[in-house]
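Engineer: The following comprises the amino acid sequence and a computationally predicted model.
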Amino acid sequence: MKQRPIACLALFVFLILNVIPAGFFYEPRQAADKCEAQITGRVGRYTEKEDGMQLELQNCEVRTGQTDFREDTLLIYLDGTEVYPPGTSLSLSGTLYPTEEPTNPGQFDARLYYRGQGISYTVFAEKVSVIETKALPVQTCLLSVKSRIGSVYRAVLSERDSGLVSAMVLGDKQGLDTEVKEFYQKNGISHLLAISGLHVSLIGMGTYRMLKRLCGSCILAGIPTFLFLCAYGWMTGGSVSALRAVLMCSLSVLADMAGRTYDMLTAIGAAALVLMVTDPLNARQSAFLLSFGAVLAIALFQPLWNLYCPKMTGPGQSMSVSLSVMFLTLPFLLHFFFTYPLYSTFLNLLVIPLMSGLMICGILCGITGLFSLKAAGIFGIPCHLILEIYDRAGGVCLSLPGSVLSVGDPGSGKILLYYTAAAAAIGLLYKEKRRKKYWMKKDPFRPKKTPLVISLAAFGLCTALMCVRIRTGLEITMLDVGQGDSFVIQSPDGTTFLLDGGSTSESEVGNYRILPFLKARGIRNVDYVMISHADQDHVSGLKELAEESGVEGDVRIGCAVLPAIAEKDDNYLELEQVFQEAGIPLQYMGAGDRLSGEKVSLTCLWPERTLSLGDRNELSMVLLLEYGEFQMLFTGDIGEYAERRIIRTEALLDVEILKVAHHGSRYSSCDEFLQYIRPEAGLISCSASNTYGHPGEETLHRLADAGCRVFITKDSGAVRIWTDGRTVRIRNYINTRRTDP
């Protein structure tokens with residue numbers, strides 16, 4: 001590595017940037033919450049969407065009425081299809097939203113993702129007016145060509161095929177169906193949908209070699225290739241993986257022009273330095289880590305494969321590349337996606353070679369379609385055939401047992417251990433390579449097997465360690481679902497309970513909040529879904545999970561438990577139907593019923609089976625969780641009436657933790673109830689923007705008077721409780737995340 005100072009410097013900078021907490025690189029927000037704003041700026045690029053238009057507005061001046069500030073880039077969403085070319089100056093008004101930080105484990109980090117694009121706010125515009133029309137000709141032309149080629153794909157190919165080809169050739173994922181994205185992700189071939197080295201090398205190096213043959217000059221071929229690579233990278237969105245590929249491809253062309261040998265490790269280091277210096281937070285982006293991890297794996301491992309398997313060619317060489325990438329990127333794949341497609345290594349042996357033909361046919365289809373749609377249809381046929389092969393091969397892989405391994409996030413400690421062991425193993429194997437370099441004996445060199453065995457054992461042990469999750473004690477997590485409720489209980493024996501799961505403030509809360517948490521924790525099966533009552537803020541996400549239960553790679557639900565009530569309303573009946581259609585067994589619990597495991601039990605204290613009330617909230621199922629000496633009470637949305645009735649049953653003693661009823665409503669948690677159960681801590685789930693006044697000031701005062709420490713999701717994010725049956729530890733996600741690197 002002494003001969004590669006750029007690569008060493010890049011590694012050093014990368015390690016430093018990942019030690020420093022991410023919050024250090026964020027600029028203070030001028031607007032912490034959503035607000036109405038008046039904005040002026042210049043259009044940088046536009047993207048056509050199904051339901052409107054998306055703009056990147058640059059050099060923006062923002063006026064909110066409370067503060068004025070400048071932003072380099074804002075992401076604007078518009079209704080309508082009117083096109084504003086790059087360079088157009090606009091004035092608009094709308095609602096300004098800060099990009100969201102995750103408030104739950106496993107939740108997508110929108111702030112980090114958009115920060116990689118220089119964006120801190122999104123705006124949903126209502127009124128737009130043009131200040132000045134001064135279009136930038138090159139950018140306008142590129143986006144126009146992209147739009148026209150996209151139209152060709154939509155005209156010539158089926159809806160599914162056009163969405164895929166547009167993503168692979170143009171970097172436009174607007175036409176991709178969610179099911180298609182999930183299909184490619186579950187099969188481990190989603191890298192085909194992102195503009196990366198595979199795409200850029202095919203296009204860039206193909207262009208350079210063609211021009212070099214035509215003009216016979218490296219310089220005359222290289223300069224147009226540089227310009228073409230820059231234009232293609234910008235046109236396709238300028239993602240981190242695309243920029244990495246453009247930089248490395250440009251260095252390869254530059255090396256050929258200068259008559260120098262292209263060194264892959266140096267090129268990787270140079271490209272990484274450029275991206276990290278441009279934005280230090282790039283070093284934490286999934287695209288950066290996976291893209292650079294893949295090419296680094298090839299650069300580091302291929303010489304070692306050649307050392308131990310010098311005669312390997314064809315399929316064996318392709319397999320070695322896939323295994324190398326898998327070895328080096330596995331921890332990051334699990335960290336960001338929580339699952340691993342078991343057969344992806346073999347599937348990539350088929351799809352990657354076919355990608356060259358698909359890209360060539362896709363490009364020819366788009367270009368010829370600008371002049372003749374009939375001619376474009378000829379090239380569309382092989383595109384369809386290759387995509388059909390992808391679909392069928394992927395379908396076969398998903399039908400095989402264990403096709404998607406749900407492992408969960410291994411955590412920073414295990415990831416660090418894995419890469420420390422990997423560095424040691426690679427260093428050990430490179431000693432053998434160095435020994436070959438200085439081999440002076442007449443006998444042919446034969447590498448020692450011992451370093452290889454030790455290295456493979458280290459990789460295997462660390463991989464197994466990442467996939468194993470050891471549970472000690474009882475873990476309870478109150479998720480931040482906005483204005484709603486959701487609790488996950490994981491018992492020491494592996495039984496998982498999900499208590500409620502809904503929201504009226506967050507759309508698709510099941511897919512975007514609850515399911516990511518379950519996957520991040522490596523939870524494959526939810527044994528019991530417990531529903532306190534059928535209000536949407538308690539069940540909307542559960543319906544989403546029920547619909548996906550049983551799908552390979554998603555979480556399976558074992559049983560749904562509903563409150564046993566005398567009269568079932570429409571919401572209750574609809575919920576029953578959702579679970580029945582999903583093939584999920586139903587059980588019912590009333591006062592006195594009990595679910596027991598080896599050490600954990602849930603006892604229903606309310607409602608009484610024969611009770612009939614007009615208020616759905618008062619009929620919420622109330623559960624007492626017991627584990628050793630630890631007790632926690634889940635109260636749904638009950639009010640004072642149910643609280644006093646529960647006291648009269650004398651089924652309760654002091655509890656350590658109280659799930660405060662009805663999101664902290666002032667009509668719940670009466671003094672008599674709190675003084676009776678004397679909770680040490682109270683958990684409240686509500687949205688910061690709720691219009692109900694939750695939590696009520698009166699409730700907070702009553703909790704304080706009872707000596708109860710309060711945790712609220714709108715302030716703390718998710719709240720995790722761990723207990724061994726005696727000791728209780730409580731941590732909130734937001735504060736923990738801000739202090740962790």
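Structural biologist: Perfect, I can see it now. Just so it is clear, the model here is predicted, and its values are computed rather than measured. Numbers count the residues shown, from 1 in each chain.

Engineer: A strand includes residue 351, no?
Structural biologist: No - using DSSP: H, G, I helix; E, B strand; the rest coil, the secondary structure at residue 351 is helix, not a strand.

Engineer: my read: it touches residue 392, true?
Structural biologist: No - using CB atoms under 8 Å, residue 351 makes no contact with residue 392, being 11.4 Å away. Yep, even glycine has a C-beta here, placed from its N, CA and C like the rest.

Engineer: quick one, which of those two is more surrounded?
Structural biologist: More neighbours surround residue 351 than the other of residue 351 and residue 392, with 21 against 10 (other CB atoms under 10 Å).

Engineer: For residue 734, see how far away that one is.
Structural biologist: 40 Å (CB to CB, to the nearest Å).

Engineer: Please apply the same query to residue 231.
Structural biologist: Computed as CB to CB, the residue 231 to residue 734 distance reads 42 Å.

Engineer: where does the stretch 1-150 of the chain have low pLDDT?
Structural biologist: Along the stretch 1-150 of the chain, the model assigns pLDDT under 70 to residues 1-2.

Engineer: So which residues of it form strands?
Structural biologist: In the stretch 1-150 of the chain, the segments counted as strands under DSSP state E, counting those that start in this stretch are 35-49, 52-63, 68-78, 89-98, 119-132.

Engineer: what's the answer for the stretch 301-450 of the chain, then?
Structural biologist: Under DSSP E, counting those that start in this stretch, the stretch 301-450 of the chain gives strands at 339-341, 404-406.

Engineer: For residue 53, list each beta-bridge partner.
Structural biologist: When bridges are called by DSSP bridges, residue 53 pairs up with residue 48, residue 78.

Engineer: That one: how many residues sit nearby?
Structural biologist: Using other CB under 10 Å, residue 53 has 19 neighbouring residues.

Engineer: What are the neighbouring residues in contact with residue 715?
Structural biologist: 688, 734 (CB atoms under 8 Å, 6 or more residues apart in numbering).

Engineer: now residue 8: how far from residue 14?
Structural biologist: According to CB to CB, residue 8 stands 11 Å off from residue 14.

Engineer: Looking at those two, which one has more neighbours?
Structural biologist: A direct count of neighbours by other CB under 10 Å for residue 8 and residue 14 places residue 14 higher, at 21 against 14.

Engineer: what about the spatially closest residue to that one that is not a sequence neighbour, how many neighbours?
Structural biologist: Using CB to CB, 6 or more residues apart in numbering and skipping the chain neighbours, the partner closest in space to residue 14 is residue 283 (5.4 Å). Applying other CB under 10 Å, we find 22 other residues in the vicinity of residue 283.

Engineer: And the one 4 residues further on, by the same measure?
Structural biologist: Residue 287 is flanked by 19 other residues according to other CB under 10 Å.

Engineer: Next, the contact list for it, please.
Structural biologist: With CB under 8 Å, 6+ apart, residue 287 has these contacts: 116, 194, 239, 240, 241.

Engineer: try 7 Å this time
Structural biologist: Taking CB atoms under 7 Å, 6 or more residues apart in numbering as the contact definition, residue 287 lies against 239, 240, 241.

Engineer: residues contacting the second one?
Structural biologist: Same thing as residue 240. Going by CB under 7 Å, 6+ apart, residue 240 touches 116, 275, 282, 285, 287, 288, 291.

Engineer: okay if I get the strands of the stretch 301-450 of the chain as a markdown table plus mean neighbour count, distance to residue 685 and mean pLDDT?
Structural biologist: Shown next, in a markdown table, are the strands of the stretch 301-450 of the chain (neighbours: other CB atoms under 10 Å; distance: least, CB to CB, whole Å; pLDDT from 0 to 100):
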| stretch | mean neighbour count | distance to residue 685 | mean pLDDT |
| --- | --- | --- | --- |
| strand 339-341 | 21 | 27 | 92 |
| strand 404-406 | 19 | 26 | 89 |
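
Engineer: Indicate which one of the ones you listed is closest to residue 475.
Structural biologist: Each of the strands of the stretch 301-450 of the chain has some distance to residue 475 by CB to CB; the shortest is strand 404-406, at 17.3 Å.

Engineer: and that closest one, what does it pack onto?
Structural biologist: strand 339-341 (3 or more CB pairs under 7 Å, 6 or more residues apart in numbering; DSSP states H and E).

Engineer: Can you list the strands that the strand it packs on pairs with?
Structural biologist: Here strand 339-341 has these sheet partners by DSSP bridges: strand 404-406 (antiparallel).

Engineer: Now find how far off-centre the partner strand is within its chain.
Structural biologist: Distance of strand 404-406 from its chain centroid, counting by CA atoms, centre = their mean, to the nearest Å, is 16 Å.

Engineer: Residues contacting that strand, please?
Structural biologist: 186, 338, 339, 340, 341, 342, 519, 522, 524, 552, 553.

Engineer: one more time with 10 Å, if that's ok
Structural biologist: Under the criterion CB atoms under 10 Å, 6 or more residues apart in numbering, residues 185-188, 334, 338-344, 397-398, 467, 518-519, 521-525, 551-556 lie in contact with strand 404-406.

Engineer: circling back: more neighbours: residue 231 and residue 734, which one.
Structural biologist: Using other CB under 10 Å as the criterion, residue 231 and residue 734 rank with residue 734 on top: 18 against 15.
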